[in-house]
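In: pasting the structure only:
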Ligand SMILES: Cc1cc2nc3c(=O)[nH]c(=O)nc-3n(C[C@H](O)[C@H](O)[C@H](O)COP(=O)(O)OP(=O)(O)OC[C@H]3O[C@@H](n4cnc5c(N)ncnc54)[C@H](O)[C@@H]3O)c2cc1C
């Protein structure tokens with residue numbers, strides 16, 4: 001039995017931050033991970049995918065140059081940059097050293113709770129006097145489609161490590177991850193088809209944003225099939241066959257070199273000993289209070305709290321948990337103004353509630369929309385702003401910006417929703433010209449009027 005103050009189980013971005021900050025505050029911290037310190041984001045998620053997207057954006061910008069410009073995209077430098085600069089060839093030695101230099105004791109292995117304040121890792125038990133922080137994150141969720149499990153399909157973890165591009169790719173799942181990777185590969189010359197069960201891409205976002213992205217995909221030659229479900233998948237002689245048929249229409253077959261499954265995430269909760277502390281291992285998420293507590297001497301942060309599978313949520317919740325463990329004052333967790341960005345082109349930034357979410361929550365809202373478009377006459381690009389205002393309180397409860405730099409323009413709306421800035425104030429401030437964020441002015445003027 002090894003004693004310590006705190007065990008951090010799972011080292012995604014939030015877990016790493018909690019361990020480092022608590023050690024910095026003088027606590028004796030044991031941090032456990034079975035894979036790579038830093039979790040999904042630096043090795044398989046945000047960082048490598050954004051490197052791909054960034055490179056693809058440059059390719060697309062070059063193609064927008066009028067006249068006889070020849071663009072020959074080369075995947076080699078992108079793959080090299082991901083391997084050498086982002087992931088150290090999927091080696092976390094630098095991250096482990098950073099953790100240990102901060103005074104944390106790192107243990108590699110699969111950890112499980114065995115009781116209150118107690119974690120077992122490969123036969124060794126760690127007894128944490130202050131408690132345990134869970135940050136076990138998610139795995140790619142793979143749907144139970146007939147034949148799929150027997151094929152060499154990709155998840156995001158394979159897709160970001162690709163060195164040689166296929167000629168064709170079917171992406172199953174038109175959410176943020178599927179759309180981002182689909183467009184990045186397509187811009188490097190891969191023939192991409194996106195298959196989505198919902199009736200539109202990015203189904204969690206405003207329908208206007210989905211339309212904009214679908215139009216952009218169409219213009220770039222990406223095939224989009226919405227409202228269809230994959231019935232079965234087979235693989236033979238290096239080719240996947242994906243059957244989208246239904247009972248009425250019979251077979252509807254796609255043939256493709258590679259298949260990427262991007263159908264959401266599965267929380268790592270089933271095998272971490274939750275039953276030993278009276279929690280349900282089959283839960284979709286852990287129900288936390290405002291201090292991230294989920295039980296006696298137990299906190300949870302990151303994707304497993306179900307409040308938004310984003311690195312910034314993991315980090316926000318990490319800070320809250322650190323304050324709670326150190327008996328400091330808040331601020332505590334606040335989910336009113338959670339921002340999210342889908343890094344497609346057009347980029348979709350959104351914060352707070354969509355119109356539908358506000359309706360479902362029973363908030364009396366008014367919406368207004370405008371064109372993000374042209375940035376004066378300088379850059380002719382499609383885009384939109386849509387704002388959701390709480391009519392009783394005269395403040396924004398949600399907003400979406402889709403277009404170039406949508407995720408950056410979003411900052412202004414995030415502040416407005418978070419700080420509950422009166423719409424009259426937003427309508428009376430000065431917006432620089434010619435910028436994309438100036439497109440917010442006529443929309444707030446309409447809401448204020
Ligand atoms: C392709 C892709 C792109 C993304 N892009 C973005 C983006 O642009 N912006 C953004 O904000 N978010 C993005 N995300 C989401 C982001 O990666 C996650 O929200 C983020 O990693 C936070 O996750 P987490 O802290 O919950 O833990 P994770 O990062 O999932 O890490 C959990 C860790 O726990 C470990 N673990 C699990 N169980 C055990 C156990 N029993 N014992 C020991 N260790 C265990 C795992 O090995 C892992 O290292 C993306 C995700 C993907 C897949």
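Out: Thanks, I have it. This one's a predicted model, so the numbers in the text were calculated from it and none came from an experiment.

In: Going by proximity to the ligand, name the top residue of the stretch 101-250 of the chain.
Out: For the stretch 101-250 of the chain and the ligand, the shortest gap (CB to the nearest ligand atom) falls at residue 137, measuring 1.9 Å. C-betas here are computed from N, CA, C, even on glycine.

In: Could you count how many residues lie near that residue?
Out: 26 (other CB atoms under 10 Å).

In: and the gap between residue 58 and residue 313?
Out: 29 Å (CB to CB, to the nearest Å).

In: These two: who's more crowded?
Out: Counting neighbours by other CB under 10 Å for residue 58 and for residue 313 shows that residue 313 has the greater number, 23 against 12.

In: In terms of helices and strands, where is that one?
Out: helix 311-325 (DSSP states H and E).

In: tell me which strands and helices that helix is in contact with?
Out: Under the contact criterion of 3 or more CB pairs under 8 Å, 6 or more residues apart in numbering; DSSP states H and E, helix 311-325 touches helix 13-24, strand 124-134, strand 298-300.

In: so which of the ones you listed is the most packed in?
Out: Stretch with highest mean neighbour count among the helices and strands packed on helix 311-325: strand 298-300 (a mean of 27; mean count of other CB atoms under 10 Å).

In: Mind giving me the packing neighbours of that one?
Out: Where contact means 3+ CB pairs under 8 Å, 6+ apart, strand 298-300 is packed against strand 124-134, helix 311-325.

In: Can you tell me which of these is nearest to residue 267?
Out: In terms of CB to CB, the element of these nearest to residue 267 is strand 124-134, at 10.4 Å.

In: And the helix or strand following the closest one, what's buried?
Out: Proceeding N to C from strand 124-134, the next assigned helix or strand is strand 138-140, under DSSP H and E. Buried positions in strand 138-140, judged by neighbour count with 16 or more other CB atoms under 10 Å: 138, 140.

In: cool, stretch 344-357 as well?
Out: Quick answer for stretch 344-357 (16+ other CB under 10 Å): 344-355, 357.

In: Stretch 227-244 too?
Out: Result for stretch 227-244 [16+ other CB under 10 Å]: buried residues 228, 230-231, 233, 235, 240-244.

In: Same question for stretch 306-316.
Out: So, applying 16+ other CB under 10 Å, buried residues of stretch 306-316: 307-311, 313-316.

In: again with stretch 419-437
Out: Quick answer for stretch 419-437 (16+ other CB under 10 Å): 421, 423, 426-427, 436-437.

In: Which residues are in contact with the residue nearest to residue 296 when sequence neighbours are not counted?
Out: Spatial nearest neighbour of residue 296, chain neighbours left out: residue 116 (5.1 Å); criterion: CB to CB, 6 or more residues apart in numbering. By CB atoms under 8 Å, 6 or more residues apart in numbering, residue 116 lies in contact with 131, 277, 295-298.
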